[in-house]
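Colleague: I would like to see how this sequence folds:
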Amino acid sequence: MEKSDFLYQSCYCEENIWHLLNELQGSDSRVLFFINREQSVLLMNQEPFGGAGVGCWDYHVALLDFQRQVIFDFDSRLGFGVQARTYLEQTVPDPDRVVPAFQTKIRVIDGPDYLGSFSSDRSHMLDGQGRFLAEPPPWDPIQQLVRPLNLVDLKTAGLEDERIRDYDVVSFLQTFLR
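Modeller: From the prediction side, this is the model:
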């Protein structure tokens, strides 16, 4: 499976993952939102950052194939479909080396819940004058009408909803990886 086989638009990871998940229906997948309170998530081995591949996203989204223990991240330098433990060790900084407000939390949403409820009007990508900060995808925005999980809410720490669970990196590893 190559990432070029799937829809992709730079800076729209949440939509890229929605479309990937839609193509992989039937897989035992979890959507992973990398977030923190400051909306400044330090990640490593990210292609868009160039150079050393280290930089901060306001949030980032990847897909865990739970059965195969593989993570898909369209922006990773590690490849497309990397063993989950390897991906996390080489993408998320050691929490002991990051001040608490900037430590990465992993928000987990079951694949079917994400497919059926994710919604984004792309307003988070507009500047003060209503211009896009990054070229939008050529496909229509993803809109759900029944119990939507809006992107603005999903990327915000502290959201309470029975469809999501938040973990620190250590508890995520203990809960989801064998």
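
Colleague: Residue nearest the middle of the protein, spatially speaking?
Modeller: Centroid check for the chain by Cα atoms, centre = their mean gives Val61 as the closest residue, at 0.7 Å.

Colleague: do you know how far that residue is from Asp96?
Modeller: Taking Cβ to Cβ, to the nearest Å as the measure, Val61 falls 25 Å from Asp96. (Each C-beta comes from the backbone N, C-alpha and C, glycine too.)

Colleague: Likewise for Ser10?
Modeller: Ser10 sits 32 Å away from Asp96, going by Cβ to Cβ.

Colleague: which of the two has more neighbours?
Modeller: Taking other Cβ atoms under 10 Å, Ser10 and Asp96 do not tie; Ser10 has more neighbours (13 against 7).

Colleague: The more buried one in helix, strand or coil?
Modeller: Of the three states, Ser10 takes coil according to DSSP: H, G, I helix; E, B strand; the rest coil.

Colleague: any idea how far Phe49 is from it?
Modeller: Ser10 sits 12 Å away from Phe49, going by Cβ to Cβ.

Colleague: again with Gln9
Modeller: Distance of Gln9 to Phe49, given as Cβ to Cβ: 17 Å.

Colleague: Same question for Leu126.
Modeller: Between Leu126 and Phe49 the computed distance is 23 Å (Cβ to Cβ).

Colleague: per-residue confidence at Arg85?
Modeller: Looking at Arg85, its pLDDT reads 96.
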